[in-house]
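A.B. asks: just need the structure, nothing else, for what follows:
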Amino acid sequence: MKDLIQIISNTYQSRNFKLKIVGFGLMIFFLSTIIFSCTKDNIDKFYYEETYCADPWERNISDKYGDQYQGEIKIFLADSFNIIVEEIMVTNEKEGELCDACVCKSGRYIWVNAKSEYSDKLLKIGFMPNDHK
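C.D. replies: Predicted coordinates:
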C-alpha cells in the first residue's frame, strides 16, 4: 500500500511539473508575441494620380513603367521629404484625360507603401490613402 501511495504521489508531482513547464512555455510565447507585435511598424498604402507633366518629381527617363522611374520617385521622396518608401508600383488604372495641360491626369497611379509616420508628408505632396479611392 505504501508503494502504491508513493507511485500516485510521484505521478501527481510529475504531472504537476509538466503542467508548470507547459504553462511557462505558453507564457513566454504570449509575451514574445505581444512584444514583437508592439514593435512592428505600421505600413500604410497610398496612391498618387500621375499627371502628364505636373508631378513634383522630374521625369528624366523614357521608361515610365520600369524600375528606374520607380527608383527616381523613391529617391525624390527620400531626398526632398525624408520619406522612406517600403514598396512602390506604377499601374494603369484608367484612360488618360483628353487634354493637353500638364495638370491633366495620365490615368496611371503610383502606389507606395510607407510607415504611418509619413502619412502627413505624403498627403501634403498629393498622395491619397488607399481607402480614399
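A.B. asks: which residues of the protein fall in helices?
C.D. replies: Here the chain has its helices, by DSSP state H, at 2-39, 67-81, 119-125.
A.B. asks: which of these comes out lowest on mean pLDDT?
C.D. replies: Here those differ in mean pLDDT, and the lowest is helix 2-39 at a mean of 58.
A.B. asks: residues touching Asn42, list them.
C.D. replies: 115-116 (CB atoms under 8 Å, 6 or more residues apart in numbering). From N, CA and C alone the C-beta is placed, and that goes for glycine too.
A.B. asks: can you rerun that using 10 Å?
C.D. replies: Residues in contact with Asn42, defined by CB atoms under 10 Å, 6 or more residues apart in numbering, are 115-117, 119.
A.B. asks: against Gly126, how distant is it?
C.D. replies: Noted for Asn42: a distance of 22 Å to Gly126, by CB to CB, to the nearest Å.
A.B. asks: can you check Gln68 too?
C.D. replies: Using CB to CB, Gln68 is found at 22 Å from Gly126.
A.B. asks: domains in this protein, as residue ranges please.
C.D. replies: The chain breaks down by automatic domain parsing into domains covering 1-40, 43-132.
A.B. asks: flag every buried residue along stretch 102-120.
C.D. replies: Going by neighbour count (16 or more other CB atoms under 10 Å), the buried part of stretch 102-120 is 105-106, 108-112, 114, 118-119.
A.B. asks: what does stretch 43-54 give?
C.D. replies: 44, 46-52.
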